[in-house]
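A.B. asks: coords please:
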Amino acid sequence: MKRVIILIFLSACELFTFGQNHLILSDKRTGLKLSVINKDYPLLKLLLPNQPDTERGIEIEFPEHVTGLNRQNRTSQHLYLVSLGKMNKRTAPVWKISHNALTYESIFNDGMKLIAKVTLDTTGLEYSYTFTNQTNTVYEHLQAVTCVKLYSEFSDTLLERFYIHDKNGFELLAAETPERLTMPLNKWLPCRYLVSYTWPIPNTRVQKDEDGITRYYKSTKADKPFIATLSHDKKWVAATYTAQTGNMWSNPERSCQHADPEMTIAPHETKMLTLKTFVYKGPLDKILKYITN
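C.D. replies: Numbers count the residues shown, from 1 in each chain. Okay, here's the model as predicted:
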């Protein structure tokens, strides 16, 4: 009996392959493979079964930035911004690998501690960001903005396979802008396409800000907090979801998905933000079985 138990345990452990030096996880049940391709400025890569390592696959900025509103001076502060590189004031990420998860710790601005964790399971990736506020500052609207960039099998510059869900069911994110399919790319890009979930819809639904980026706002709200993309062959789905968010959006130049939660964190408080990227082979509506709202 003991021998049988040991064999079963070893078989379960073999579901994942670990690499301390390269920080790699692979799920033998689904064939999904997760790796860390930048440890200093956390960047992940997820590959579908049998995708070669040379493919870009799905790249995740983990996170792209950590931003909050300082309640005392009412200014928005980047506690971390990947594009700042070495100008970021933080400790270098310290990584750990355990079972089916990758974790790192870092401290921003001498006082905001982050433990970031990504878990690989049969439905995709689950991210958590645990913040401990060791400062005397209250941060409102604190976000760890996670950019899920879809390349290779999912790339979709014209948003022809990007879906949201509203009261009428699944609908293309950019359905209200059909001219995007024929306009020159340099007129379409750069842009952002946004759909509200809890936030109000702006009265002006096409805006061009000082940064030169055009923002398109969908005229109706989504009733589910996710954004989903079909692969080129429409056999795979990648969908990013969080339980509560103001909106979901995409930067078509990256074919990226955003569904970012936010919170208020007081001094000496510990709180967590979570979200999920489902990656599965099957129909689009299967996503409704996975989400809780």
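A.B. asks: pLDDT value on Asn38, please?
C.D. replies: Confidence at Asn38, expressed as pLDDT, is 98.
A.B. asks: Thr75 against Thr137, yeah?
C.D. replies: No: in this structure, Thr75 is not within contact of Thr137 by CB atoms under 8 Å, at 10.8 Å. The way it works is simple: take the backbone N, C-alpha and C, and place the C-beta from them, glycine included.
A.B. asks: settle it for me: which of these two has more neighbours?
C.D. replies: Neighbour count, other CB atoms under 10 Å: between Thr75 and Thr137, Thr137 has more, with 17 against 9.
A.B. asks: please name the bridge partners of the closest residue to that one other than its chain neighbours.
C.D. replies: Leaving aside its chain neighbours, Thr137 sits nearest to Asn70 (5.7 Å; criterion: CB to CB, 6 or more residues apart in numbering). Counting by DSSP bridges, Asn70 is bridged to Thr75, Tyr139.
A.B. asks: is it correct that Ile115 is in contact with Thr130?
C.D. replies: Yes: when contacts are counted by CB under 8 Å, Ile115 is listed as touching Thr130 (4.4 Å).
A.B. asks: rewinding a little: ok, the residue nearest to Thr137 - contacts?
C.D. replies: 76-77, 137-139 (CB atoms under 8 Å, 6 or more residues apart in numbering).
A.B. asks: next: Leu275.
C.D. replies: Per CB under 8 Å, 6+ apart, neighbours of Leu275: 126-127, 146, 240-242, 259-261.
A.B. asks: and the residues you listed, which of them are in strands?
C.D. replies: 126-127, 146, 240-241 (DSSP state E).
A.B. asks: from those, pick the one nearest Lys167.
C.D. replies: Proximity of those to Lys167 (CB to CB) peaks at Tyr241, which lies at 18.1 Å.
A.B. asks: coming back round to it: for the ones in strands among the contacts of Leu275, which one is nearest Leu159?
C.D. replies: Closest approach between the ones in strands among the contacts of Leu275 and Leu159, by CB to CB: Thr240, at 14.6 Å.
A.B. asks: so which strand or helix has the residue lying closest to Pro283 once chain neighbours are set aside?
C.D. replies: Distances taken as CB to CB, 6+ apart place Val237 nearest to Pro283, at 7.8 Å, with adjacent residues excluded. In this assignment (DSSP states H and E), Val237 forms part of strand 236-241.
A.B. asks: need the residues that contact the helix or strand following that strand.
C.D. replies: Helices and strands here follow DSSP H and E; after strand 236-241, the next one along the chain is strand 247-250. Here strand 247-250 makes contact (CB under 8 Å, 6+ apart) with 159, 162, 164, 173, 192-199, 222, 225-227, 240, 256-259.
A.B. asks: let's see that with 10 Å instead.
C.D. replies: 148, 150, 156, 159, 162, 164, 173-174, 191-199, 201, 215-218, 221-222, 224-229, 240-242, 256-260 (CB atoms under 10 Å, 6 or more residues apart in numbering).
A.B. asks: which residues do Thr75 and Thr137 both contact?
C.D. replies: Counting by CB under 10 Å, 6+ apart, the residues touching both Thr75 and Thr137 are Gly68.
A.B. asks: thinking again about what came up before, looking at the contacts of Leu275, which is nearest Tyr104?
C.D. replies: For the contacts of Leu275, the nearest to Tyr104 is Tyr127 (11.9 Å; CB to CB).
A.B. asks: okay then, goodbye and thanks.
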